[in-house]
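1. Okay, here's the prediction I keep looking at, along with the sequence it came from:
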Amino acid sequence: MVAFYNPLSNMRLGSGIAPVIAMREAGLRVGLGVDGAAGNDTQDILEAMRIGAYLQRAAHRWADLLGFAEMPAIAADGAGEVLGLDSRTDGVVAGARADLVLHRFERDYACLPVRDPGATLLTCASSRTVDTVLVAGEAVVRDGRSARLSEAFLVDVLSQ
């Protein structure tokens with residue numbers, strides 16, 4: 001059995017806090033989602049990880065609940081399993097298909113100083129800290145900018 005956890009849309013729509021811990025203890029695979037634009041305005045998976053963890057911590061009064069070890073796994077592996085995809089990873093492996101996001105925390109001074117990169121990713125990272133994104137091994141973002149679309153093209157399309 002599988003379930004999606006959409007904390008931001010649950011908050012926006014006032015539908016409560018999902019019982020993620022109870023679902024996991026019951027053997028459900030839980031995946032993190034951002035829901036559709038009508039239920040979540042940002043579509044930001046990093047924000048969903050952070051707020052999702054914080055909601056569970058507040059509901060259970062447990063400050064270390066769903067930390068860096070759990071939330072990325074719920075966001076990636078859990079969501080892939082909920083969708084029926086084989087998204088389980090064992091790290092970066094030569095010759096394997098790669099989806100990878102590299103962050104530069106110094107792009108957002110609120111993230112500094114970095115004492116624990118995993119905790120910083122969960123508690124502070126945002127789209128502002130994204131430096132490089134590889135999808136199936138192809139760079140789609142470099143130095144925080146689209147590697148596929150030029151800024152001039154985007155300005156032209158958005159001004160129409």
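-> That came through fine.
2. Can you list the residue ranges for helices in the chain?
-> Using DSSP state H, the helices found in the chain span residues 7-13, 20-25, 45-60, 71-73, 79-82, 117-123, 151-158.
3. Would you mind telling me which of those is nearest residue 140?
-> The closest of those to residue 140 is helix 151-158. By CB to CB, the value is 13.9 Å. C-beta here means a position set from N, CA and C on the backbone, and glycine is covered the same way.
4. Grab the CA positions of that closest one and hand them over as PDB.
-> Backbone C-alpha positions of helix 151-158 (Å, rounded to 0.1, in the frame of the first residue of the first chain) are rendered in PDB as follows:
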ATOM      1  CA  GLU A 151      17.100  34.000 -21.100                       C
ATOM      2  CA  ALA A 152      16.200  36.000 -24.300                       C
ATOM      3  CA  PHE A 153      13.900  33.200 -25.400                       C
ATOM      4  CA  LEU A 154      12.200  33.100 -22.000                       C
ATOM      5  CA  VAL A 155      11.700  36.900 -22.000                       C
ATOM      6  CA  ASP A 156      10.300  36.700 -25.500                       C
ATOM      7  CA  VAL A 157       7.800  33.900 -24.600                       C
ATOM      8  CA  LEU A 158       6.800  35.400 -21.300                       C
END
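5. Return the list of helices and strands in contact with that helix.
-> The helices and strands touching helix 151-158, judged by 3 or more CB pairs under 8 Å, 6 or more residues apart in numbering; DSSP states H and E, number zero.
6. what's next to it, contact-wise?
-> With contact meaning CB atoms under 8 Å, 6 or more residues apart in numbering, helix 151-158 is reached by 145-146.
7. What average pLDDT does that helix get?
-> If you average the pLDDT over helix 151-158, you get 82.
8. how about residue 94, what does it touch?
-> Residue 94 makes no contacts at all, as judged by CB under 8 Å, 6+ apart.
9. quick one: pLDDT of it?
-> Value for residue 94, per-residue pLDDT: 72.
10. And it, how far from residue 72?
-> Residue 94 sits 22 Å away from residue 72, taking CB to CB, to the nearest Å as the criterion.
11. Which secondary structure elements does the worst-scoring helix or strand of the chain on mean pLDDT sit against?
-> Across the helices and strands of the chain, mean confidence by mean pLDDT, DSSP states H and E is lowest for helix 79-82: a mean of 73. Packed against helix 79-82 by the contact rule (3+ CB pairs under 8 Å, 6+ apart) you find strand 2-5, strand 29-32.
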